[in-house]
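> Sequence and predicted structure, then a few things I'm wondering about:
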Amino acid sequence: QVQFVESGGGLVQPGGSLRLSCAASGVYFSTFVMSWYRQAPGKEREFIADIDSAAVRTRYRDSVKGRFTISRDNAENMLYLQMDSLKPEDTAVYLCNAKTAWVGGAIIGNWGLGTQVTVSS
């Protein structure tokens, strides 16, 4: 059974940093595109960033470009999101998942509980 467990969230002041982790199990991790999403209260889940299976290509939502960095460790089945220069509008539950392809790929796993990120002074 495919499972994702996110961690690393917390309360941080504007301008601060956090590093999120996603542990994947039940999936051939190194063969899939991996993605981060977030969902704020009362809003739709939105795409944040993804990285291809070989960690060669990455792409980001415009609002996080230059501030967030996605990475992966295929040997450890781990996905990461380094978040710098955080803003209050980054407050959300952050989730990860795998996709079948770089273009037009489908989500393959059930959503985990996510990790809460709160940016506030």
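Ah, there it is.
> Setting aside sequence neighbours, what's the nearest residue to Ser35?
Nearest residue to Ser35, sequence neighbours excluded (C-beta to C-beta, 6 or more residues apart in numbering): Asp50, at 3.9 Å. Every residue, glycine included, has its C-beta placed from N, CA and C.
> Now do the buried residues in the host helix or strand of the one you found.
Here Asp50, judged by DSSP states H and E, is contained in strand 46-51. Across strand 46-51, burial judged by 16 or more other C-beta atoms under 10 Å covers Ile48, Ala49, Asp50, Ile51.
> The protein: helices as residue ranges?
Under the criterion DSSP state H, the chain carries no helices.
> so what's the residue nearest the centre of the chain up against?
The centre of the chain sits closest to Trp36, judged by C-alpha atoms, centre = their mean, with a distance of 2.4 Å. Trp36 makes contact with Leu20, Cys22, Phe47, Ile48, Ala49, Asp50, Ile70, Leu79, Leu81, Tyr94, Leu95, Cys96 under the criterion C-beta atoms under 8 Å, 6 or more residues apart in numbering.
> Now Val33: closest residue in space, sequence neighbours ignored.
Lys99 (4.3 Å).
> what about that neighbour, how many residues close to it?
18 (other C-beta atoms under 10 Å).
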